[in-house]
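Student: With the input below, show me the fold.
(chains A and B)
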Amino acid sequence: MNIIPTVSEIELQGRFDAHEAESFREIVDGILANSASLSVVLTAVDFVDSTALAELVRAMKRCREAGGDLILVKPSDPVRVILELTRLDAAFTIT
Amino acid sequence: MTETDLAAYRHWATTPLQTKPTYSVVIPAYNEEWRIIPTIGAIATHMCALGEPWEMIVADDGSTDSTVELVADLGLANLNLLVADANGGKGSAVRRGIFESSGEIVLFADADQSTPIEQFGDLLAKIDEGYDVVVGSRAAVGADVASKSLSRTIFSYGLKTLVQTLFRIPVSDTQCGFKMFTADAAMLLFSRQVIDEFSFDLEILFLAKKFGLRTTEVPVTWIDAPGSKVDAAKVAVEFVKDLIAIRRNDLAGVYATDNHHPDSAGVKAGGSIPSQTNRQAA
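Tutor: Here you go, the predicted model:
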């Protein structure tokens, strides 16, 4: 049997900050153990701090090393602006 | 936020205001390289969605990290970055930001977004009711405080008890970094402020009571942001010293209305006490 990497999806809501980073990492690591790509829906996220951005970058690197990608799906306007101001919008795949 | 709101942000970010701002948001910043950019992004997005002209003022406090360079590099058209040569204390940074502001309503907000900017409207509603000073409160009924450390909880309780016993200030949380003022009230209060350290908030609220300004508090959501620079034990000692200093200053006439802080030279608003008639009519 071949295991084919698939795209998994998670949705975040509310404030994504340092307090949520550890649980986010645990969930993402669990998913990426079986999948090379991950979509993170950010439509209902109203704020991301620098720690959260670092977690997203870490997940992106892990995906790309596995031949997949981390996709940020429909980020809310504040998140989109924060990505632009930090210039991370150029680094991520954003749909 | 709609596509139109995002367009409003992009316009604000690239086109200098042609009119006097309705709102000014002052953010004091000392070594905030890790936290300030997301805060600027969140505040800018929310404020632009309100549809009124507004300005952001980042008042550096002598940062030794890359805070100044990071903020300057954003190149936002309506962000005014005030650079300080040395660390003078949060109170000095807020004061410089207030004196530089042009808005009819002025908010100062901490750089860590611990009080989310979404609560701007809750405070503004009280200004619209006629209050001169509106304080975000973590202690008022209805406040939602998350992840606050035990030491800060004990510290806050101690402060609240002390302040209410000694000064009878009509708010239960003097230290929350989310306070709104009418422009006249802001200029009046900060032109008399002499304490530049942690207790400057208390001094401002003491002065508001002394000058008869209408002051109230609004319960806020508050999230204890990691990396807080507040050392509860050290600050408690300084706070008690400042309580005494405020009393001493008052008795010595330091807060007399004809005394102005040197930083206020050239400030637009005169810093006079609003007349009782005006305040009641507001």
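Student: How far does the host helix or strand of B:Leu70 sit from its chain's centre?
Tutor: Element membership of B:Leu70, judged by DSSP states H and E, is helix B:67-74. Per CA atoms, centre = their mean, to the nearest Å, the displacement of helix B:67-74 from the mean C-alpha position of its chain is 21 Å.
Student: CA-only coordinates of it in PDB, if you can.
Tutor: Extracted C-alpha coordinates of helix B:67-74, given in PDB (Å, rounded to 0.1, in the frame of the first residue of the first chain):
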ATOM      1  CA  THR B  67      11.900  49.000  17.400                       C
ATOM      2  CA  VAL B  68      12.600  52.500  15.800                       C
ATOM      3  CA  GLU B  69      14.000  51.000  12.600                       C
ATOM      4  CA  LEU B  70      11.200  48.500  12.200                       C
ATOM      5  CA  VAL B  71       8.500  51.100  12.700                       C
ATOM      6  CA  ALA B  72      10.200  53.700  10.500                       C
ATOM      7  CA  ASP B  73      10.600  51.100   7.800                       C
ATOM      8  CA  LEU B  74       6.900  50.500   7.500                       C
END
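Student: And chain B, is the strand ranked longest in chain A touching that?
Tutor: What stands out as the longest strand in chain A, according to DSSP state E, is strand A:37-48. Yes. Using CB under 8 Å from any CB of the partner chain, strand A:37-48 comes into contact with chain B via A:46-48. In short, each C-beta sits where N, CA and C put it, glycine included.
Student: any residues touching the next helix or strand after the helix holding B:Leu70, and which ones?
Tutor: Once the chain leaves helix B:67-74, the next helix or strand it forms, by DSSP H and E, is strand B:79-82. Residues outside strand B:79-82 that contact it (CB atoms under 8 Å, 6 or more residues apart in numbering or on different chains): B:40, B:44, B:55-60, B:68, B:71-72, B:93, B:96-97, B:100.
Student: Would you map the helices across the stretch 101-250 of chain B?
Tutor: Listed in chain order, the helices of the stretch 101-250 of chain B (DSSP state H, counting those that start in this stretch) span B:120-129, B:150-166, B:183-192, B:200-210, B:232-251.
Student: Mean pLDDT lowest where, among these?
Tutor: The stretch with the lowest average pLDDT out of the helices of the stretch 101-250 of chain B is helix B:150-166, scoring a mean of 66.
Student: re the thing from before, partner strands of the longest strand of chain A, with direction?
Tutor: Sheet pairing of strand A:37-48 (DSSP bridges) gives strand A:7-16 (parallel), strand A:70-73 (parallel).
Student: Would you format the ones you listed as JSON lines with mean pLDDT, distance to B:Ala225 and mean neighbour count included?
Tutor: Converted to JSON lines, the strands paired with strand A:37-48 look like this (pLDDT from 0 to 100; distance: least, CB to CB, whole Å; neighbours: other CB atoms under 10 Å in any protein chain shown):
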{"stretch": "strand A:7-16", "mean pLDDT": "92", "distance to B:Ala225": "10", "mean neighbour count": "15"}
{"stretch": "strand A:70-73", "mean pLDDT": "97", "distance to B:Ala225": "23", "mean neighbour count": "19"}
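Student: of all these, which lies closest to B:Gly130?
Tutor: When those are compared by CB to CB, strand A:7-16 sits nearest B:Gly130, at 32.4 Å.
Student: picking up where we left off before, can you go through the contacts of strand B:79-82 and name the buried ones?
Tutor: Among the contacts of strand B:79-82, the ones that count as buried by 16 or more other CB atoms under 10 Å in any protein chain shown are B:40, B:44, B:55-60, B:68, B:71, B:93, B:96-97, B:100.
Student: Keep only those of these that are also close to chain A.
Tutor: B:40, B:44.
Student: Out of the buried ones among the contacts of strand B:79-82, which two sit at the greatest distance?
Tutor: Pairwise distances among those were taken by CB to CB; the largest, 20.5 Å, belongs to B:Ala44 and B:Arg96.
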